[in-house]
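Asker: Structure for this input, please:
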Amino acid sequence: MSKVIYGTIKILELIHNPGITGPGRIVLGLAKNIDRKVFTLDVLCPSNGSLPDDLRKAGITVVPLMWRGAKDMGNFVGLWRLLRKRGYHVFHIHSGQLNAFGKLMARLLGITAVVMTEHLAVSDHRWIKNKAALSLHLALHSLSDQLVDKVIAVSDSAREAFITRQGMAPEKVETIYNGVDLEESGPCIGADADAVRNSLGIPRDAPVVASVGRLSPEKGQAIFVKAAGEVIKDHPNAFFLLVGEGPERQNLEALILESGLQKNVILTGFMKNVSCVLEAADIVVQPSFESGESFGLSIAEAMARAKPVVVSDIKCFNEIVSDGKNGLLFPPGDHDALAKRIRLLLADHPLRDSLGGEGERTVRERFDIKMNAARTQFVYKELLRQKGFILYDDHISEIKKVFLDMLISASRMQPDRQPACRSMADDLLNFLRDRRHNKERIREYVGSANVFLIERFLQFIGQGRIFLDPVCRHNCRLIKRRIKAIPVTADDYDQRIGMQSEQFQIDNYYEPQERVLKARVENIVAFVDPQKGERILDVGCGVGTFAFHCAKRQAVCAGVDYSQASVDMAKRLTAGFGLSDRATFQCCDISNGLPFADSSFDKIVCADFVEHIDDAGKKKLLDEIRRLLKPSGKAVIFTPNLLRENLGAFKERLSGMLGRAASETRLHFGLTDRFHFEKMLGRNGFCFRRVFLDFDRPYLAKIPVLKEVLSLNLLWVIEKKR
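Answerer: Purely as a prediction, here's the structure:
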């Protein structure tokens, strides 16, 4: 059975190395760029490095993991306890010493989806020295790989190597290139290029060639040192920087000393802010062998800063660098070829600029960290969908689509109006999902939004099994209370009319075909009983419904409404039916009085209007009716039945208590009980006849006593007391 994931999708990232290495930078980039409206991301990693601090600065929850080696089973017990307590939907493991154990534990604890990122093209597990332990570890790896739902490889070459090495189905392994944070790829932060040069004792005008990476044999730094010795013969003022730490440091120091390059080749050690070093460099080199790389993140970072690059001709680098277009390639291990390309770039400044500019464009188009984050989020969502989960974001999108289709179809909305309606629906749903609301914000929103659109949406979610998270449900309740407490303004009606087409008005009011709408019009007109030549006033006429129907019967009609859009629509419609000479319309506010002489009308009709005005407005309306009616005239007032609406409100509260969808709300803030309204009629000098009506289920209006509660509508026929 499908389940809806309310709120955010919970992701746990597991990484065993707390330093700012390639995997660490990718986890940090994903954490910074993940959509936090959709996802909640936590990171589980050791606390003895700089990665946890950077994650916390980015607002990410870091769960410390004590890691002292594979024999420390207490860590796995702690991990198991953590995963058992927290309801994560996706467990994302970044390759390292915790791979096999993490995958097994995720499955045993029933986490919905398990993802692994393979950051290496070759994984020989050199960190395990004992042969028996290595055999056991490899066996666990092979077994646990079958428990992974998706493997992310950082390059196509890494993907091919993983499929070959692990025997995994190709469709389970997807390439998502590592990405560069372009917002941090401009001028270096914290120090400029000159400051870096000064700190290393490099003159400002001296050419600098840099290589960034862990110092290890497969990275080829020895080739870099040998090439430096060749280049210095022609460029004695050039400096070569090796940025990083690793097991190869002593051998490299010995090689530099043996070659007499102590002045020109500098081992900087680990530098957290590599961006400053790259900014100080004129050329960036990566001389790795095939076994040493799976992507080449430092190369992409250098290219993002428009630095020309020279890299070894291996598979993963070929996915980034095109020789002669955005960089230069050389055969792996060939220091003479590397020296030749460095000399070429040092001598040709326009070529450096050309390669650097093209490299920057390549990174922006293909290796932006935001692309990496977007594709990774897509993997998370697709896995959950495949496992039968309904993502709340998808659910909300589907709600919006169905709602808008219904609204556009029902109101015959013109195409030019639809984009604005879609935008308003987007704003409404975003507002409902916001956790920061209070009564004041709700009041401001309802005061500025399209009240009728809100009402239709609340009706829509009450008509079916619409799942809303607690935040949305709470905001819906606040909005409904606010809507019921405010008057409906002329602007609200103008917006409503703007959402509806002329054909919609004709089909619902002028020539209704639907049974309930047709019965409503026919019954009210029958009570008015228009005669030829009679002057009839339609108060709160809307689009001119009853002025139109009375004019069809040869009466002379006038309509008034406080919505200019409604009045304009009424004029166009009656003109289209050739009745503009017998039906005229004006926009005016009842509170300022109606622009007609005393005793001007034989009859007055007021349908679906009094429930939208307060008691002061009702009193003013009755005063105007008494003033405008001829002594022998009559008025017909039609309104919803308050007792029936109260019954509906009770049903709504009961539905809410039972966890069901809320029923529709109404904009009838001015509804009052019939006893109170009839007292107002008596005080204003009227006698009246009351009629209960229900056009949907007419029999309800005929049941003695119960009709007062069950009938949908009330109608009064009133006359002046003689």
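Asker: mind checking which helix or strand the residue nearest to residue 497 when sequence neighbours are not counted is in?
Answerer: The shortest distance from residue 497 to any non-neighbouring residue, by CB to CB, 6 or more residues apart in numbering, is to residue 565 (4.0 Å). C-beta: built from backbone N, CA, C; applies to glycine. Using DSSP states H and E, residue 565 falls within helix 564-576.
Asker: what is the orientation angle of the next helix or strand after that helix with helix 564-576?
Answerer: Remark: after helix 564-576, the chain's next helix or strand is strand 583-587, criterion DSSP H and E. Orientation of strand 583-587 against helix 564-576 (axes from the mean of the first three to the mean of the last three CA atoms, to 10 degrees) gives an angle of 170 degrees.
Asker: Show me the contact partners of whatever helix or strand comes next after strand 583-587.
Answerer: Per DSSP H and E, the first helix or strand lying C-terminal to strand 583-587 is strand 601-607. Outside of strand 601-607, the residues within contact range by CB atoms under 8 Å, 6 or more residues apart in numbering are 524, 528-531, 534-540, 545-546, 550, 558, 621, 625, 628-630, 632-638.
Asker: give the contact list for residue 429.
Answerer: 396, 399, 400.
Asker: Between these, which sits nearest residue 432?
Answerer: residue 396 (8.8 Å; CB to CB).
Asker: Where does that closest one fall, secondary structure wise?
Answerer: helix 392-410.
Asker: how far does stretch 237-247 sit from the chain's center?
Answerer: Distance of stretch 237-247 from the chain centroid (CA atoms, centre = their mean, to the nearest Å) equals 45 Å.
Asker: and that stretch, how far apart are its ends?
Answerer: Stretch 237-247 has an end-to-end distance of 29 Å (criterion: CA to CA, to the nearest Å).
Asker: Also stretch 380-399?
Answerer: End-to-end distance (CA to CA), stretch 380-399: 22 Å.
Asker: next structured bit after the worst-scoring helix or strand of the chain on mean pLDDT?
Answerer: Sorting the helices and strands of the chain by mean pLDDT, DSSP states H and E puts helix 642-657 at the bottom, at a mean of 60. Later in the chain than helix 642-657, the nearest helix or strand by DSSP H and E is helix 674-683.
Asker: quick revisit: mind putting the contacts of residue 429 into a markdown table with distance to residue 570 and neighbour count?
Answerer: Conversion of these to a markdown table gives the following (distance: CB to CB, whole Å; neighbours: other CB atoms under 10 Å):
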| residue | distance to residue 570 | neighbour count |
| --- | --- | --- |
| 396 | 37 | 19 |
| 399 | 34 | 20 |
| 400 | 32 | 16 |
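Asker: Tabulate the residues you listed (CSV), appending pLDDT and distance to residue 328.
Answerer: Output for those, formatted as CSV (pLDDT from 0 to 100; distance: CB to CB, whole Å):
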residue, pLDDT, distance to residue 328
396, 72, 50
399, 73, 54
400, 73, 51
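Asker: And these, which is closest to residue 675?
Answerer: Among these, residue 399 lies closest to residue 675 (CB to CB), at 41.1 Å.
Asker: Would you mind splitting the protein into its domains for me?
Answerer: With domains defined by automatic domain parsing, the chain comprises 3-175, 182-366, 404-497, 499-640+672-720.
Asker: Of the ones you listed, which is nearest residue 387?
Answerer: domain 3-175 (5.6 Å).
Asker: The closest one: how far from the chain's middle?
Answerer: On the basis of CA atoms, centre = their mean, domain 3-175 is displaced by 26 Å from the centre of the chain it belongs to.
Asker: Likewise for stretch 565-577?
Answerer: Taking the mean of its C-alpha atoms, stretch 565-577 sits 41 Å from the chain's own mean (CA atoms, centre = their mean).
Asker: Return the set of buried residues in it.
Answerer: Neighbour-count burial for stretch 565-577 flags 565, 566, 567, 569, 570, 571, 573, 574 (criterion: 16 or more other CB atoms under 10 Å).
Asker: Could you work out the most separated pair of those residues?
Answerer: 565 and 574 (15.2 Å).
Asker: ok, which stretches of the stretch 301-450 of the chain are helices?
Answerer: Taking DSSP state H, counting those that start in this stretch as the criterion, the stretch 301-450 of the chain carries its helices at 315-318, 335-347, 349-366, 369-386, 392-410, 418-432, 439-448.
Asker: What of the stretch 151-300 of the chain?
Answerer: Remark: helices assigned in the stretch 151-300 of the chain by DSSP H, counting those that start in this stretch are 156-166, 193-199, 221-234, 249-259, 274-280, 297-304.
Asker: Can you add distance to residue 704 and mean pLDDT and give those back as CSV?
Answerer: Below are these laid out as CSV (distance: least, CB to CB, whole Å; pLDDT from 0 to 100):
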stretch, distance to residue 704, mean pLDDT
helix 156-166, 79, 85
helix 193-199, 94, 81
helix 221-234, 99, 94
helix 249-259, 100, 93
helix 274-280, 85, 83
helix 297-304, 83, 92
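Asker: Can you redo those helices as a markdown table, where the extra columns are mean neighbour count?
Answerer: Formatted as a markdown table, the helices of the stretch 151-300 of the chain follow (neighbours: other CB atoms under 10 Å):
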| stretch | mean neighbour count |
| --- | --- |
| helix 156-166 | 19 |
| helix 193-199 | 16 |
| helix 221-234 | 21 |
| helix 249-259 | 14 |
| helix 274-280 | 23 |
| helix 297-304 | 27 |
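Asker: now these as TSV including distance to residue 11?
Answerer: Listed next are the helices of the stretch 151-300 of the chain as TSV, based on distance: least, CB to CB, whole Å:
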stretch	distance to residue 11
helix 156-166	22
helix 193-199	36
helix 221-234	36
helix 249-259	37
helix 274-280	27
helix 297-304	22
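Asker: Nearest to residue 381, out of those helices?
Answerer: For the helices of the stretch 151-300 of the chain, the distance to residue 381 is smallest for helix 156-166, at 20.9 Å, taking CB to CB.
Asker: residue ranges of the helices in the stretch 451-600 of the chain, please?
Answerer: 451-462, 470-484, 490-498, 502-505, 515-528, 545-552, 564-576.
Asker: Mean neighbour count, the ones you listed: which tops it?
Answerer: By mean neighbour count, with neighbours taken as mean count of other CB atoms under 10 Å, helix 545-552 ranks first of those at a mean of 25.
Asker: Fine, thanks again, bye for now.
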